[in-house]
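Asks: what's the 3D shape of this:
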Amino acid sequence: MCASFFRGTQLDQNVKFQDKNKKLMKEWSWPKIFDQKVDVSKVNLTKINAWIEQRITELLGDDDDIVINFAISQLEESTKNATNKFLCPKNMQISLTGFLTKNTAIFMEELWALLLSAQSQPDGIPPELQQLSRQKEAIASGLNDEAKQKLQKFKDIAEMNFKSKKGSRFTDGNENADVDAAERYRQSILKERQSEA
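Replies: Alright, predicted model coming up:
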């Protein structure tokens, strides 16, 4: 018999071996922002990775290291790819859908907007993240100023109490005890404020 008698099917003809991602890309509707390309090599990934970690934790309600590392690895893979340096947001969204479910589209649109913004900046950091970090610093310094004011009031009160007790028989000889207590109080206020922020 002739060898040409046995004919098989090609991979793309067989339903079992079709690329499901291509099929999903055609079926799903995508936001217009995904049409713009992002060169991840121009982006400061350390800042973006921190944002990804924070945002996924907010969306899921807990800190899921597997999902966070998977999303970060999707970004880092594109920087290692020499043939295609542009990241495909559609593939990334399809990959993350199993983990983030209904929140995937929200997450990817926010991430893509940040990446587009970051690639246009010389330092690779999106202005939105820079502004957010400035706001956090301002809040922290405001809390620090408030704590300093409270400490000063506490010191003034402690000093007045000390002066009024100086001639008293109840003094224990430790003149700095009130000041030390005021400092401990200031430190506790700072810790509380930092944990709230």
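Asks: Following the chain past the helix-or-strand element of the chain with minimal mean pLDDT, name the next helix or strand.
Replies: Comparing every helix and strand of the chain by mean pLDDT, DSSP states H and E singles out helix 20-27 as the least confident one, with a mean of 70. With elements assigned by DSSP states H and E, the helix or strand that comes after helix 20-27 is helix 45-60.
Asks: Now do the domain split for this structure, please.
Replies: Using automatic domain parsing, the domain parsing of the chain gives 23-125, 129-196.
Asks: In TSV, list those domains along with mean neighbour count.
Replies: Just so you know, the C-beta spots here come from the backbone N, C-alpha and C atoms, and that holds for glycine as well. What follows is the domains of the chain, written out as TSV (neighbours: other Cβ atoms under 10 Å):
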stretch	mean neighbour count
domain 23-125	15
domain 129-196	12
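Asks: which helices and strands sit right next to the helix or strand hosting residue 91?
Replies: Under the assignment given by DSSP H and E, the secondary-structure element containing residue 91 is helix 89-100. Under the contact definition 3 or more Cβ pairs under 8 Å, 6 or more residues apart in numbering; DSSP states H and E, helix 89-100 sits against helix 20-27, helix 45-60, helix 65-80, helix 104-119.
Asks: Using CSV, write down the CA coordinates of the second one.
Replies: Extracted C-alpha coordinates of helix 45-60, given in CSV (Å, rounded to 0.1, in the frame of the first residue of the first chain):
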residue,chain,number,x,y,z
LEU,A,45,8.4,47.6,37.3
THR,A,46,9.2,47.9,41.0
LYS,A,47,6.6,50.7,41.4
ILE,A,48,4.1,48.9,39.2
ASN,A,49,4.6,45.6,41.1
ALA,A,50,3.9,47.3,44.4
TRP,A,51,0.7,48.7,42.9
ILE,A,52,-0.3,45.3,41.5
GLU,A,53,0.2,43.8,45.0
GLN,A,54,-1.9,46.4,46.7
ARG,A,55,-4.7,46.4,44.1
ILE,A,56,-5.1,42.6,43.9
THR,A,57,-5.2,42.5,47.7
GLU,A,58,-8.0,45.1,47.6
LEU,A,59,-10.0,43.2,44.9
LEU,A,60,-9.7,39.8,46.5
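Asks: Pull the distance from stretch 140-151 to the chain's centre.
Replies: The chain centroid and the centroid of stretch 140-151 are separated by 27 Å under Cα atoms, centre = their mean, to the nearest Å.
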